[in-house]
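K.L.:
Pasting a predicted model and its sequence here:
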There are 2 protein chains.
Amino acid sequence: MKSNTIADLLSKENTLQDVEIKGWVRTFRANRFIALNDGSTINNIQCVVDFENTDEAILKRITTGAAVHVKGSLTESQGKGQSVEVQVSSIKILGDSDPETFPIQPKKHSFEFLRENAHLRTRTSTFSAVMRLRSSLSFAIHKYFNENGFYYMHTPIITGSDAEGAGEMFRVSNLDAKNPPLDEKGNVNYKEDFFGKETNLTVSGQLEAEAYAMSLGKVYTFGPTFRAENSNTSRHLAEFWMIEPEVAFMDLAGNMDLAEDFMKSVLSYILKHNREDLEFLENRLLDEEKTKPQAERSEMSLIEKVKFVVDNNFKRVSYTEAIDILKNSKPNKKKKFKYIIDQWGADLQSEHERYLVEKHFNCPVILFDYPANIKAFYMRLNEDGKTVRAMDILFPGIGEMVGGSQREERLDVLKEKMKALDIDEEELWWYLDLRKYGTAVHSGFGLGFERLVMFATGMGNIRDVIPFPRTPQNAEF
Amino acid sequence: MKSNTIADLLSKENTLQDVEIKGWVRTFRANRFIALNDGSTINNIQCVVDFENTDEAILKRITTGAAVHVKGSLTESQGKGQSVEVQVSSIKILGDSDPETFPIQPKKHSFEFLRENAHLRTRTSTFSAVMRLRSSLSFAIHKYFNENGFYYMHTPIITGSDAEGAGEMFRVSNLDAKNPPLDEKGNVNYKEDFFGKETNLTVSGQLEAEAYAMSLGKVYTFGPTFRAENSNTSRHLAEFWMIEPEVAFMDLAGNMDLAEDFMKSVLSYILKHNREDLEFLENRLLDEEKTKPQAERSEMSLIEKVKFVVDNNFKRVSYTEAIDILKNSKPNKKKKFKYIIDQWGADLQSEHERYLVEKHFNCPVILFDYPANIKAFYMRLNEDGKTVRAMDILFPGIGEMVGGSQREERLDVLKEKMKALDIDEEELWWYLDLRKYGTAVHSGFGLGFERLVMFATGMGNIRDVIPFPRTPQNAEF
């Protein structure tokens, strides 16, 4: 007999009566009621042990964290909180769990403590819900692109190029770490390294995705990217996953449409498929917020926030309009901003983005047409000669979720820009080729996947939405 | 008017007559017929230019590789090879392509040459077909696991552990490459590195996947893995993608069932969704094989091979049986093998695997229950004390496609094994915890994604099934 998942047994469609379950004990109370979980759902199934007819030695081994194999019959439950339960006919202990030392006790643990036990934290309801949602969002992403004619491509992780300039990189090497070979000038001789050149971990797959867009039409990446930045914040990881669609013949307006439609689609998916996980996390968040002063609590619950994004248009605002709004805003006039906005051209700080998104518009905002000199070299210069077709999507409570642009498709303009920024043409010969041979308007964006998971789960620290976070001074597990 | 994809226009369901297409010119002949491709399908659409009423200057710019914007009406084609064509009413050149210098000429290029132009090679039919199939296989993989109750998890790429021992690793560091800080013993002081310890690129996500299986039940990874091995062969990459499912409460027999069902499912998917790409690659392979002596040609065509795997059971053979077959085989008796099989315990070489798969059984073979001492530390020891519950799946023409095992779930046995192999218990404290708290039978496998793409596309060199291959002395693009 094949064992059943708890999700199947608890579903309304279930017709089975004789059941067999394998899972982990969450709690065991009154020597009688096991709350059993197997990961297939946030819900435990209650297994009722006939303690009078069960070996005392076995009963003692039914402890939090133990793996057990239960056989029995599914009946309507008399107790509160569940519609069905299992009357246990036999129980076998597969793996014990010493209740004295098992780190995941049936009580509230701090997230810091659980991070130190990241290998066991998915045995809690919170983290199992977060990781199921992470998985669902991943699938929704692949599904969306597949249904819309995009091809998934794997861009390289190890890169010989550092031209993208998105941030500090990690070096990948095979040379002797202590005594690297040196060249005649006394520099490290990377010609002797594995790849025959200096290599790093990628910060973005965009440039390579552009090459594929300019032949396959619509492509996307979904892979790990890296930043060697010493930022110990709740919103940064050294290793994180990014989604980067890139589309030929699409301009910035199309890019905004795509990003908005895409985000609404993947969030709709979890509203449909992960209701119970969302409800659990919604309640967790309500509990957490009860400890905060009224003013700091969210106006909307988790599910309301997700629905709000699905149901409402993102507000599209040019950088120039945003500067006007900010210049005339109360916090600017009263000098409450750390960085006062006094002129066009200022780089927006997190405090300004939050004001726009959380106070002024109170909805997701797409800012576009930024000053050229605060954005990357590959962005399409507007006819005004001073702004580029860039866009950032800002979310309430999260900040920047998406960064994208129409790409500079004109060879001469691109070369000029690279020259001004001292970017080596030879290193990006192939990227320039895309403008030499059959160039066309094209656009794309990058979405930090963990930011999306944070938004969808209501988790406040990015370390809690990825299985084994990598941050400064931490590469445990 | 939104432009149409060529795939849509060529589909039987199309009802549009006024059409607008953007794409790249594959060929332009008789000053009249453009073969246009936009990546949405292997097929080009024929666009017929009214050359008498088209500006001479424009006609000259319709060259192989140029990006164009065509408007016109879709009509039944009089010519051979296509059912419909576009009578062009207007054509605009979006991006020129100098026919003298454009590397992708309308002729046969060697794969070596195309590898050097990997940024443009998807503008050929062969590579666009390969990459569409790669994308389809990726989606089929996510779909299969999603439909079967698995959660997708992202295991870490940067790892502080080197215990898995699957091969040479790449070091990831942020220290000064030339003058790294040294500790009091004169060794490189990794405490000053970004993560506060020595870190490498992962060779497998299995151990972390086990942690999640032991809480979420069924999980899988699909991510990049790395080997710093100086193997310049047509079957090895330094950076490749791997799929690793891991399932709690599943034994080796279940593992074999899963692997077989999984592979059949994803291959069925492409038979259904990528017929035209497969047919193109099948013909390419037939052409290629015509240059080979009869004895070296495949008995089956590409699609026949894929169907064969879908329709036939994989042959399950224990290592012990395999040794008997090999000992009594002609090439062994006639000493044609480089490594003669004379006793139980020998590690099987590629020549032996090929004999079993391609000569003896002539179908995919699952070998299982290998001698413990030629397999990894985490594999479940059988009751005989000398074999482990390992399995390898071998494919005709490819060799090892899958490697997997039931994992050692017994804490004492695992510790003993680690001690014998000098693996530090402290480094794998968390892996041992999985056996301390609620351990259970569990199993999983790893599938090298590029090997699967090779099988499904008939491509002979692994460098030709990944967008930008990483191999010794090569990290271009």
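P.N.:
Ah, there it is.

K.L.:
so which residue of the stretch 351-477 of chain A comes closest to chain B?
P.N.:
Using CB to the nearest CB, the closest approach of the stretch 351-477 of chain A to chain B is made by A:Thr439 at 3.4 Å. For the C-beta atoms, the positions are set from N, CA and C on the backbone; glycine is no exception.

K.L.:
could you say which helix or strand contains that residue?
P.N.:
Under DSSP states H and E, no helix or strand contains A:Thr439.

K.L.:
Need the pLDDT of it.
P.N.:
Residue-level confidence at A:Thr439 comes out at 98, pLDDT.

K.L.:
wait, isn't it in contact with A:Asp412?
P.N.:
No: with contact defined as CB atoms under 8 Å, A:Thr439 does not count as touching A:Asp412 (10.9 Å).

K.L.:
on that earlier part again, how much space between the residue of the stretch 351-477 of chain A closest to chain B and B:Asp98?
P.N.:
Distance of A:Thr439 to B:Asp98, given as CB to CB, to the nearest Å: 12 Å.

K.L.:
Between these two, point out the one with more neighbours.
P.N.:
Shown here are A:Thr439 and B:Asp98; by other CB atoms under 10 Å in any protein chain shown, A:Thr439 has more neighbours (24 against 12).

K.L.:
What about A:Arg115, how many residues nearby?
P.N.:
When neighbours are counted by other CB under 10 Å, A:Arg115 comes out with 18.

K.L.:
what sits against it?
P.N.:
Neighbour list for A:Arg115: A:Arg121, A:Arg463, A:Asp464, A:Pro469 [criterion: CB atoms under 8 Å, 6 or more residues apart in numbering or on different chains].

K.L.:
Can you give me the pLDDT of the first one?
P.N.:
What it means is A:Arg121. pLDDT recorded at A:Arg121 is 98.

K.L.:
Count residues in the vicinity of the nearest residue to the residue of the stretch 351-477 of chain A closest to chain B once chain neighbours are set aside, would you?
P.N.:
Sequence neighbours aside, B:Gly95 is the residue nearest to A:Thr439 in space, at 3.4 Å (criterion: CB to CB, 6 or more residues apart in numbering or on different chains). Taking other CB under 10 Å as the criterion, the count of residues near B:Gly95 is 22.

K.L.:
Give the phi and psi angles for B:Gly95, as a check.
P.N.:
Taking degrees, to the nearest 10, you get phi -150, psi 130 for the backbone angles of B:Gly95.

K.L.:
which stretches of the stretch 251-400 of chain A form strands?
P.N.:
With DSSP state E, counting those that start in this stretch as the criterion, the stretch 251-400 of chain A has strands at A:315-318, A:365-371, A:387-395, A:399-406.

K.L.:
State the number of residues packed around A:Asn362.
P.N.:
Neighbour count for A:Asn362, taken as other CB under 10 Å: 14.

K.L.:
and it, what is it in contact with?
P.N.:
A:Asn362 is in contact with A:Pro396, counting by CB under 8 Å, 6+ apart.

K.L.:
The closest residue to chain B within the stretch 51-200 of chain A bridge partners, please.
P.N.:
Of the residues in the stretch 51-200 of chain A, the one nearest chain B is A:Gly95, at a distance of 3.4 Å by CB to the nearest CB. Here A:Gly95 sits in beta bridges with A:Ala67, going by DSSP bridges.

K.L.:
check contacts around it.
P.N.:
A:Ala66, A:Ala67, B:Glu409, B:Arg435, B:Tyr437, B:Gly438, B:Thr439, B:Ala440.

K.L.:
now those as TSV including distance to B:His352?
P.N.:
Listed next are these as TSV, based on distance: CB to CB, whole Å:
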residue	distance to B:His352
A:Ala66	44
A:Ala67	39
B:Glu409	31
B:Arg435	34
B:Tyr437	41
B:Gly438	40
B:Thr439	35
B:Ala440	35
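
K.L.:
right, and out of those, which lies closest to B:Gly254?
P.N.:
Nearest to B:Gly254 among these: B:Ala440, at 12.7 Å, using CB to CB.

K.L.:
Which among the contacts of A:Arg115 count as buried?
P.N.:
A:Arg121, A:Arg463, A:Asp464, A:Pro469 (16 or more other CB atoms under 10 Å in any protein chain shown).

K.L.:
quick one, what contacts the first one?
P.N.:
Right, the one you point to is A:Arg121. A:Ile104, A:Leu114, A:Arg115, A:Phe127 are the contacts of A:Arg121 under CB under 8 Å, 6+ apart.

K.L.:
Let's see that with 6 Å instead.
P.N.:
Counting by CB atoms under 6 Å, 6 or more residues apart in numbering or on different chains, A:Arg121 makes contact with A:Leu114, A:Phe127.

K.L.:
Distance check, A:Asn255 against chain B.
P.N.:
Distance of A:Asn255 to chain B, given as CB to the nearest CB, to the nearest Å: 15 Å.

K.L.:
pretty sure that residue is in contact with A:Ser443, am I right?
P.N.:
Yes: using CB atoms under 6 Å, A:Asn255 is in contact with A:Ser443, at 4.0 Å.

K.L.:
related to what we said a few turns ago, distance-wise, check the residue of the stretch 351-477 of chain A closest to chain B relative to B:Ser97.
P.N.:
For A:Thr439, the distance to B:Ser97 (CB to CB) stands at 9 Å.

K.L.:
Of the strands of the stretch 251-400 of chain A, flag the one that's most buried.
P.N.:
Among those, strand A:387-395 has the highest mean neighbour count (mean count of other CB atoms under 10 Å in any protein chain shown), at a mean of 24.

K.L.:
Any idea how many residues pack against A:Ser11?
P.N.:
A:Ser11: 10 surrounding residues under other CB under 10 Å.

K.L.:
And the pLDDT at it?
P.N.:
Looking at A:Ser11, its pLDDT stands at 93.

K.L.:
Also A:Asp162?
P.N.:
In this model, A:Asp162 is scored at 68, pLDDT.
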